[in-house]
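Peer 1: model this:
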Amino acid sequence: MASNSPFKPKSSRASSQIPPPPPPPSASQIRPAVVVLLVRPCGGEIPRRPALDSVERIVEDFAMDLAINPFSSGTRLRDMIRAIRACKTAAEERAVVRRECAAIRAAISEGDQDYRHRNMAKLMFIHMLGYPTHFGQMECLKLIAAAGFPEKRIGYLGLTLLLDERQEVLMLVTNSLKQDLNHSNQFIVGLALCALGNICSAEMARDLAPEVERLLQNRDPNTKKKAALCSIRIVRKVPDLAENFMSAAASLLKEKHHGVLISAVQLCMELCKASYEALEYLRKNCLEGLVRILRDVSNSSYAPEYDIGGITDPFLHIRVLKLMRILGQGDADCSEYINDILAQVSTKTESNKNAGNAILYECVETIMGIEATSGLRVLAINILGRFLSNRDNNIRYVALNMLTKAIAVDTQAVQRHRATILECVKDADVSIRKRALELVYLLVNDTNVKPLTKELVDYLEVSDQDFKEDLTAKICSIVEKFSMDKLWYLDQMFRVLSLAGNYIKDDVWHALIVLMSNASELQGYSVRSLYKALQASGEQESLVRVAVWCIGEYGEMLVNNLSMLDMEEPITVTESDAVDAVEATLQRYSADVTTRAMCLVSLLKLSSRFPPTSERIKDIVAQNKGNTVLELQQRSIEFSSIIQRHQSIKSSLLERMPVLDEANYLVKRAASTQAAVSSLNSAPAATSGGPFKLPNGVAKPPPAPLADLLDLSSDDAPVTTSSPTTARNDFLQDLLGIGLTDSSPIGGAPSTSNDILMDLLSIGSSPVQNGPPTSNSSLPAIETKPVPVKPQVVDLLDGLSSSTSLPDENAAYPTITAFQSATLRITFSFKKQPGKPQETTINASFTNLATTTFTDFVFQAAVPKFIQLRLDPASSSTLPASGNGSVTQSLSVTNNQHGQKPLAMRIRMSYKVNGEDRLEQGQISNFPAGL
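Peer 2: Here you go, the predicted structure:
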């Protein structure tokens, strides 16, 4: 190995570094030598001698040993690699590696020094194959401690591969590193610097920083370069040491060697990131040197050792420009000082070569990152505009990416290249199309929204299917954001629906319907435009849904050509044509439940608007009575019943929908979008159970397990501390309803809110109204099963603590009036079982206060998740009139958080008066304490 080394000892002092003699030859090399010993040059046989016989026997035995066991410690690295590559299966490879590792272990245990470097080379190859080699770590340290360069080279190489900074063994090499950093041989110093730059830990950085700092001023440029790179590692591990390298880094910028300059610039960048003091120091002492370096490199003549594609050292160009961007960012004086050199580089660098384009791009990024003048920024954006005309996709992509950032700095300069950017939207490369589309979206404003939208919509017609979704989303967002004219908005949305209705999200066409319901003067135009679009593009799902809805709502405007605009031409559509359009849609979309349901609703409304078509519509609707989809089957049955039996109420029932509150809808839509984004951003923090950040930066603790009662309360509602009475009222307001403000002295006052969230079964009704009869079969669905909870739970009432003394379980609880209206009174009496304070038996008594008898009486109740409820059958389903008798029913309630939260209940009663359905509901908030 020593004979092949390029490093020769230069004096007698270095003679001790000569490696040991080469190892004995292999078996294939020994056998010919034995033959030579046995053959006389002139013919004949050599006479036998005892000494010669013994030598022959020893050599033959050694050769036989090598032939029998090719994986001995003396095996060459190339032979082991050949053996491993010759393996046909993973099992054979593992067997070869296992045998070789066993031989290496044996050599290590025997203290074999002759083949230590060879064993380490084999271990590194085995390590690169993914096998464990931890048993050879100490051999690395022994090789590093050796005197010769070859041993140190293989030792340091093994150190960087087999160890890392987290292993404690690394601490043992600190002294060897310190000695080698002070060695007289520059190559050994270089080995130590390379190893330290790769595996340096914080402790080693503190111990060896003075030696590295001294080597930054060495006369050898290679040593300086490696010391600068090692200093980067030290500064990253211990930022406090940055001040020790500031002056040395500034002095390195005066060197002529480009390798030293690149390393010095990189060290300066790391110092700026590590310390603000270093940043200020380098601004004062390095800026002039950086300008000189950049000018010299830009104006230098041809140098073969640094030339790349006709550009002198583009790597040094780029590094210096990056450091200038760091120094000039936020500093007007520094930015002004480097403006001239940046303009010179931008204008003199050739743009027809890839290396030149790299320099120009870095120069543009530097100009955009500092406090440059407006003229210099325009120059930079013009360079990016030239990039957009380049044939190379990579150059165009980075130009679009940079223009996206530059638009926040100088929008007008970017607007000049709008036509070129629009052409990039039509590019064949999908990444360029997407990046250009994002840039176009940022370029849109009130003045150019119409031409840009027209260009995008025109391209939507011929764009690829994979790109239609992104393009459609951007167009819809632009139209919604910048439309000042409702007619223009409708025209653009109708065209997008016709071209890419299958890619439009639901909230977009929902917003379109809301706008049409508010634009009464454009409803006729809308239904006629949608009808024509439906005839031409019936395969677009969102278009079909909006068109079907409009035909159902404004069918008479379509047939009679009402609310015609000046630019419109009348069309001839009969009542039968409108029904045909909806029927064709119903048959075409047989698998889409939503579209078919909307078609049925539209047909029902058309039966009221076009009475002559009622029989035909009835037959079409009746075809879905046997549909396997329950939603369609129920709609078909109910709609058929309305058409046949309820002619008197059909016209009022099927009136045109009231005007939808557009502002309220937009607020809800924005809130839901923001909530979706917040949930995505907070998902990791919520999963880990820790606090997460709201958009305003306020830390929000994770919600308590019982913070959401029946999944209807808001996660964002803070739990406030209040008195027990107020807390109980807040608790009941959150139970099965949001924002209930109706409170009465009597706990069972009926609810008068029509909010759907307040209705127990999602029926927005008044306390007394007509409704379908409800049977006892629905009661199990209302009862809520208890959820097991932990003892540590946030008290929602915040008025009862765990230390609150509980009343005696044998104490008598007063009878309460749970509910009372003009026609019905309900009283509750309570009883507890001994030893079970959380369980309560409630005896409910129902009294009819009206003068007519109630029949088919059904009582229903719902409770929060922490309460378990069981309803026994009522004593009767008939309530006598005028209080002449009552009906009783027993309820068993288990409060799983007894002592922490009181009972809460929401009730509903349904009955018939003279065959007419009645419904009453309310909430109970006056339960006695201790239940």
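Peer 1: Check for me that Thr888 belongs to a helix.
Peer 2: No - checked against DSSP: H, G, I helix; E, B strand; the rest coil, Thr888 lies outside a helix; its state is strand.
Peer 1: For it, give its distance to Gly136.
Peer 2: For Thr888, the distance to Gly136 equals 87 Å [CB to CB, to the nearest Å]. Heads up, the C-betas are built off the backbone N, CA and C, glycines and all.
Peer 1: what does Ile108 give?
Peer 2: Distance of Ile108 to Gly136, given as CB to CB: 7 Å.
Peer 1: Between the two, which is the more surrounded one?
Peer 2: Per other CB atoms under 10 Å, whichever of Ile108 and Gly136 has more neighbours is Gly136, with 22 against 18.
Peer 1: all strands of this structure, in order?
Peer 2: 307-308, 311-312, 692-693, 699-700, 816-820, 824-833, 836-848, 855-862, 867-871, 886-895, 905-913, 916-924 (DSSP state E).
Peer 1: so can I have a markdown table of those showing mean pLDDT and distance to Gln623?
Peer 2: Below are these laid out as a markdown table (pLDDT from 0 to 100; distance: least, CB to CB, whole Å):
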| stretch | mean pLDDT | distance to Gln623 |
| --- | --- | --- |
| strand 307-308 | 86 | 76 |
| strand 311-312 | 88 | 76 |
| strand 692-693 | 36 | 52 |
| strand 699-700 | 38 | 53 |
| strand 816-820 | 90 | 46 |
| strand 824-833 | 90 | 44 |
| strand 836-848 | 90 | 45 |
| strand 855-862 | 90 | 34 |
| strand 867-871 | 89 | 41 |
| strand 886-895 | 91 | 44 |
| strand 905-913 | 90 | 33 |
| strand 916-924 | 88 | 30 |
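Peer 1: before we move on, the earlier item: can you list residues touching both of Ile108 and Gly136?
Peer 2: Common neighbours of Ile108 and Gly136 (criterion: CB atoms under 8 Å, 6 or more residues apart in numbering): Asn119.
Peer 1: re earlier: dump the strands of the chain into TSV; add mean neighbour count and distance to Ser877 as well.
Peer 2: Formatted as TSV, the strands of the chain follow (neighbours: other CB atoms under 10 Å; distance: least, CB to CB, whole Å):
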stretch	mean neighbour count	distance to Ser877
strand 307-308	14	95
strand 311-312	20	95
strand 692-693	15	52
strand 699-700	13	50
strand 816-820	20	18
strand 824-833	19	14
strand 836-848	19	11
strand 855-862	19	5
strand 867-871	19	14
strand 886-895	18	8
strand 905-913	22	8
strand 916-924	21	14
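Peer 1: Nearest to Val479, out of those strands?
Peer 2: For the strands of the chain, distance to Val479 was read as CB to CB. The smallest value, 33.2 Å, belongs to strand 692-693.
Peer 1: Would you mind giving the strands of the chain as TSV with distance to Lys122 added?
Peer 2: Converted to TSV, these look like this (distance: least, CB to CB, whole Å):
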stretch	distance to Lys122
strand 307-308	38
strand 311-312	44
strand 692-693	51
strand 699-700	55
strand 816-820	87
strand 824-833	80
strand 836-848	73
strand 855-862	75
strand 867-871	71
strand 886-895	72
strand 905-913	78
strand 916-924	81
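Peer 1: Among these, which comes closest to Ile620?
Peer 2: If you check each of those against Ile620 by CB to CB, strand 916-924 wins as the nearest, at 29.8 Å.
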